[in-house]
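Enquirer: Pasted the sequence and its predicted model underneath.
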Amino acid sequence: MRYVKNILMLVIAGALFGVSYALLTQKPCGEPLTYRIGEFDAKFGVSKQEFLADIAAAEAVWEKAYAEEGGKGTLFRYDENGSLPVNLIYDSRQATVDKNKVLSDKVDDTVASANTIKAQFDELKSEYESDKREYASLSAQYESDLAAYNREVSGWNVRGGAPRAEYDRMEQEKAALESLRTAVNAKADDLNSRGAQINALIDRYNWLVDSANSVVDKINQSAEKEFEEGDYVSDDKGQRINVYEFDGKTRLVRLLAHELGHALGMDHTQGPESIMYYLNKSTSLVPSADDLAALKAVCQIK
């Protein structure tokens, strides 16, 4: 049987966060940091209301932790004229994410088709193995009965021929042998037919696997660079959060929470589960011990 390759699975470790500091315009945690929606590109497929709700969810991550750690007041407040614009900027990064989503869906469809073929292959293979055992048994029986028949014919020929009764009996055995030979040949034809079906399924499966791997290669080629999903910038032009790409609500909320953390003055922390880790690779929206320590430090909570 021909070798069937394994379908590759695309695994993306995480997307890189960005941060740029030049100056801080206010004392962190001293009074609420006011934010607003700045540049907004509708090509992301979310409304301003939805985006604002996601910012609020990200804000709540730190507000809850701040209160639980003994902080007083609030850290953030939405204001249409707020000092911290949160920009949603659609560029080649999100375009690549969107393209890869379509390609990933294609991979999923192809893998599903391959799995269906695999299920058919398994069923046919089981039937083939059962028929093969039956064929081996029938063939062995035929060979054994034929050998016994031929020995008896030879014995009677040596003696000059068989009596009428024996001759008639052996003619019946000969007819039974012919019937058994026909059954053996029919089973062999059935085996060959199933074998051809199995090989056709293997060819189809391999073609689907090759197609899926080809698409995965395209995705990997476009994802070789770790894009910056977003960044926080504070310079002589002011402070701002820029969001460039995301592939789901949880990733977006984590990204926003991360950049809001930078806006408070927190730097990157250790641990892949941390919100302030430099890669957005977890799905947790609960600050880690490192996150809490960083929050307490910038807010001067003892």
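Expert: Great, that's in hand. Remember, predicted model here, so these are calculated numbers, not experimental data. Numbers count the residues shown, from 1 in each chain.
Enquirer: Next, count neighbours for G82.
Expert: Close neighbours of G82, defined as other Cβ atoms under 10 Å, add up to 17. For every residue, glycine as well, the C-beta is placed using N, CA and C.
Enquirer: OK, contacts around it?
Expert: The neighbours of G82, taking Cβ atoms under 8 Å, 6 or more residues apart in numbering as the test, are L33, T34, Y35, R36.
Enquirer: Now with 6 Å, please.
Expert: Contacts were defined as Cβ atoms under 6 Å, 6 or more residues apart in numbering; by that measure G82 touches T34, Y35, R36.
Enquirer: mind listing what the first one touches?
Expert: Going back to what we said before, that points to T34. If you count contacts by Cβ under 6 Å, 6+ apart, T34 has them with R77, D79, G82, S83.
Enquirer: From the contacts of G82, pick the one nearest K249.
Expert: Distances from these to K249 were compared by Cβ to Cβ; the smallest belongs to Y35, at 18.7 Å.
Enquirer: V86: what secondary structure?
Expert: Here V86 is recorded as strand under DSSP: H, G, I helix; E, B strand; the rest coil.
Enquirer: so it touches I241, yeah?
Expert: Yes. Under the contact definition of Cβ atoms under 6 Å, V86 touches I241, with a separation of 4.6 Å.
Enquirer: For the lengthiest helix in the chain, name the packing helices and strands.
Expert: With secondary structure taken from DSSP state H, the chain has its longest helix at helix 92-158. Helix 92-158 makes packing contacts with helix 164-222 when contacts are defined by 3 or more Cβ pairs under 6 Å, 6 or more residues apart in numbering; DSSP states H and E.
Enquirer: quick one: the helix it packs on to helix 92-158, angle?
Expert: Our comparison of helix 164-222 with helix 92-158, counting by axes from the mean of the first three to the mean of the last three Cα atoms, to 10 degrees, yields an angle of 170 degrees.
Enquirer: could I get the contacts of T34 as TSV with distance to A147?
Expert: Rendered in TSV, the data for the contacts of T34 read as follows (distance: Cβ to Cβ, whole Å):
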residue	distance to A147
R77	98
D79	99
G82	98
S83	100
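Enquirer: Sketch out the low-pLDDT regions of the stretch 1-150 of the chain for me.
Expert: Counting by pLDDT under 70, the stretch 1-150 of the chain shows low-confidence ranges at 1-28, 92-104.
Enquirer: ok, now with 50
Expert: Counting by pLDDT under 50, the stretch 1-150 of the chain contains low-confidence residues at 1-14, 19-26.
Enquirer: chain center to stretch 150-162: distance?
Expert: For stretch 150-162, the distance from its own C-alpha centre to the chain's C-alpha centre is 72 Å (Cα atoms, centre = their mean, to the nearest Å).
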